[in-house]
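**Q** can't give you the sequence, but here's the structure:
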């Protein structure tokens, strides 16, 4: 039986991994506190409790952290390696388009060839671009609502202007709906990562912790 | 009473004295109005001086597509206050609900004001102006509301649009807006205009706007939507007497429950205080007696733009989802989306299991 050599390739640089896990923590915080802010599921029995106060404080702190993570990752999309590049998000080249078709065929069971990729595959790139848009909308709409009660310049620069673009109640509604879109993304993201890791056997999930993937020589070409 | 000879006083102040308003009441009114306008107490003297000297500006009150709620708000007072009398005295060469003349006589008095006091009278507009089908959905004396507004507001020194309808079209402009209703700012653009939205407008703010005009000779500073900042510059949520319960996490969960009896926050009952800018919590209504949240009902956001479309349902936190049925809320859509995604993933996994694995490859041991 032919033996396959696997080579360790450093794909995800530190800023990418850092931003990924900060985002993970932020989205978790946003979900717990945001769901409470939208629909308070626990009630205080004493007036000195400060449940909503804490929830909003955490939500806003996470908002600032998330904004910084977004900026770092955007910066790295221009400064980082080819796997972190913004160019990897769009199927610009014919090779990327072929990857995209192959990945979509694999996901829909019309092909048995997994979408081997050292970074992320072309289909994932497009989805991540959509997620960037969702994240950007959450940041802008979130800071727009935050600017109602905050005197912070960051809040008014990042979100304050948005109040004249969209009505406040509509902003609130879309901020809420976009949360569910992000939940849906998280489910699909984890599912596909787990699935691809089991079929590609390249340490895909480990990659977002260590930065490295183990690819065959054939894939490297 | 004032020591100065009466002839130094203007018509307004003389009439006030004749009606039995004491100097003390008058100064209290001036101080309260200064506070409403967000001015320091020292401005009370200036206001008093201005109102004492002020001549009666001719005022016409136009009623377009509206429910007369703003007129009700104006007329509803249990005792005649200085404020009410000011409005009473300066009014009204034309006001359909309260004027004595009718028919051609009434229309003539309006035409006389526009002709004789061109550029010197104040026009107050209540109600929206329909534009669709040549504006036939609201005609008065054979003229369309649009034609009247253009003539009367266009020739006025200043126009005050009271209530939501005169601001952004209000209820008549709610979806699907069958009459093509708009507010004064869109019907007659480019005029000196201040808007006092609210359903109805708060008469305290109308008095303060007029007194501002008498004192400083100008309309108060407005926000980007043409609403005076003194009345619409602060969020209801931030000045609400129940705000402590919001931060604590104490909410009314059902009408008449323990929290409701304790006066807890109405956030979960759909209160729109967090979205609405108005001075209800501080100025209150019915001579400062109370306001909706104070009496246990959430704010419905009536001073917010297009509130009938954007703030409904009034008893839910989030507005309707466009394109879905009335009963669909964002949460139902969102949970449905998340559930559909999860179901899709499970189905995908089942197909995977049935279809079997892709080609195995041997890894270096």
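**A** Alright, I've got the coordinates. Predicted, not measured: the structure shown is a model, and the values here were computed from it.
**Q** roughly how far does residue A:91 sit from chain B?
**A** 23 Å (C-beta to the nearest C-beta, to the nearest Å). Backbone N, C-alpha and C define where each C-beta goes, glycine included.
**Q** in the stretch 1-150 of chain B, which residue sits closest to chain A?
**A** residue B:38 (17.8 Å; C-beta to the nearest C-beta).
**Q** hmm, that residue is touching residue B:232, no?
**A** No. Checked against C-beta atoms under 8 Å, the pair residue B:38 and residue B:232 is beyond contact range at 11.5 Å.
**Q** identify the residues contacting stretch B:132-147?
**A** Contacts with stretch B:132-147, where a contact means C-beta atoms under 8 Å, 6 or more residues apart in numbering or on different chains, come from B:64-65, B:96, B:104, B:106-107, B:127, B:129-131, B:148, B:178-181, B:187.
**Q** at 7 Å what do you get?
**A** Stretch B:132-147 is contacted from outside by B:64-65, B:107, B:129-131, B:148, B:179-180, B:187, using C-beta atoms under 7 Å, 6 or more residues apart in numbering or on different chains.
**Q** buried ones among the residues you listed?
**A** Neighbour counting with 16 or more other C-beta atoms under 10 Å in any protein chain shown marks B:64-65, B:107, B:129-131, B:148, B:179-180, B:187 as buried within those.
**Q** filter those down to the ones near chain A?
**A** The subset of those within reach of chain A, by C-beta under 7 Å from any C-beta of the partner chain, is empty.
**Q** farthest pair within those?
**A** Greatest spacing in these, by C-beta to C-beta: B:107 and B:180 (24.7 Å).
**Q** if you count neighbours, what's buried in stretch A:52-61?
**A** Across stretch A:52-61, burial judged by 16+ other C-beta under 10 Å covers A:52, A:55-56, A:58-60.
**Q** and that stretch with chain B, contact?
**A** Yes. Stretch A:52-61 reaches chain B (C-beta under 7 Å from any C-beta) through A:52-53.
**Q** so what's the residue count around residue 14?
**A** You didn't pick a chain, so chain A it is. For residue A:14, the neighbour count with other C-beta atoms under 10 Å in any protein chain shown is 10.
**Q** oops, I was thinking of chain B
**A** Using other C-beta under 10 Å, residue B:14 has 15 other residues around it.
**Q** confidence score at it?
**A** Predicted confidence (pLDDT) for residue B:14: 80.
**Q** ok, it to residue A:151 distance?
**A** 47 Å (C-beta to C-beta, to the nearest Å).
**Q** how close does the one residue in the stretch 101-250 of chain B that gets nearest to chain A get to residue B:186?
**A** Residue of the stretch 101-250 of chain B nearest chain A, by C-beta to the nearest C-beta: residue B:249 (3.0 Å). As judged by C-beta to C-beta, residue B:249 and residue B:186 stand 42 Å apart.
**Q** these two - which one has more neighbours?
**A** Neighbours were counted for residue B:249 and for residue B:186 using other C-beta under 10 Å; residue B:249 has more, 24 against 15.
**Q** tell me where the chain has strands.
**A** As the question left the chain open, I've gone with chain A. Using DSSP state E, the strands found in chain A span residues A:6-10, A:212-216.
**Q** switch to chain B, please.
**A** Ranges of strands in chain B, per DSSP E, are B:59-63, B:94-95, B:122-126, B:129-130, B:139-140, B:143-144, B:158-162, B:181-182, B:193-196.
**Q** so of the buried ones among the contacts of stretch B:132-147, which ones are in helices?
**A** Those of the buried ones among the contacts of stretch B:132-147 mapping onto helices are B:107, B:148, B:187, per DSSP state H.
**Q** what's the closest non-adjacent residue to the last one?
**A** Going back to what we said before, that points to residue B:187. Closest residue to residue B:187 apart from its sequence neighbours, by C-beta to C-beta, 6 or more residues apart in numbering or on different chains: residue B:129 at 4.2 Å.
**Q** got a pLDDT number for residue B:250?
**A** 94.
**Q** once you drop chain neighbours, what's closest to it?
**A** Using C-beta to C-beta, 6+ apart, the closest residue to residue B:250 is residue B:264 (4.3 Å).
**Q** contacting residues for the one you found?
**A** Counting by C-beta under 7 Å, 6+ apart, residue B:264 makes contact with B:242, B:245, B:250-252.
**Q** make it 10 Å
**A** A:43-44, A:47, B:242, B:244-246, B:248-253, B:257-258, B:296 (C-beta atoms under 10 Å, 6 or more residues apart in numbering or on different chains).
**Q** do the same with residue B:213
**A** Residues near residue B:213 by C-beta under 10 Å, 6+ apart: B:50, B:54, B:57, B:122, B:157-158, B:160, B:194, B:219-220.
**Q** could you rerun that using 8 Å?
**A** Residues in contact with residue B:213 (C-beta under 8 Å, 6+ apart) are B:57, B:122, B:158, B:219.
**Q** ok, how many other residues are close to the last one?
**A** Residues within reach of residue B:219, counting by other C-beta under 10 Å, total 18.
**Q** against residue B:153, how distant is the nearest residue to it once chain neighbours are set aside?
**A** Setting aside the residues directly before and after it, residue B:219 is nearest to residue B:194 in space (C-beta to C-beta, 6+ apart), at 4.6 Å. Residue B:194 sits 12 Å away from residue B:153, going by C-beta to C-beta.
**Q** residue B:255 too?
**A** For residue B:255, the distance to residue B:153 equals 43 Å [C-beta to C-beta].
**Q** which of these two has more neighbours?
**A** residue B:153 (24 against 11).
**Q** next, name the residue at the spatial heart of chain A.
**A** A centroid search over chain A (C-alpha atoms, centre = their mean) returns residue A:131, at 5.8 Å, as the residue closest to the centre.
**Q** what about the spatially closest residue to it that is not a sequence neighbour, neighbour count?
**A** Distance criterion C-beta to C-beta, 6+ apart; nearest residue to residue A:131, sequence neighbours excluded, is residue A:185 at 5.6 Å. Residue A:185: 18 surrounding residues under other C-beta under 10 Å.
**Q** how does chain B divide into domains?
**A** Annotated domains of chain B cover B:56-232, B:236-310 [automatic domain parsing].
**Q** of the ones you listed, which is nearest residue A:169?
**A** domain B:236-310 (4.4 Å).
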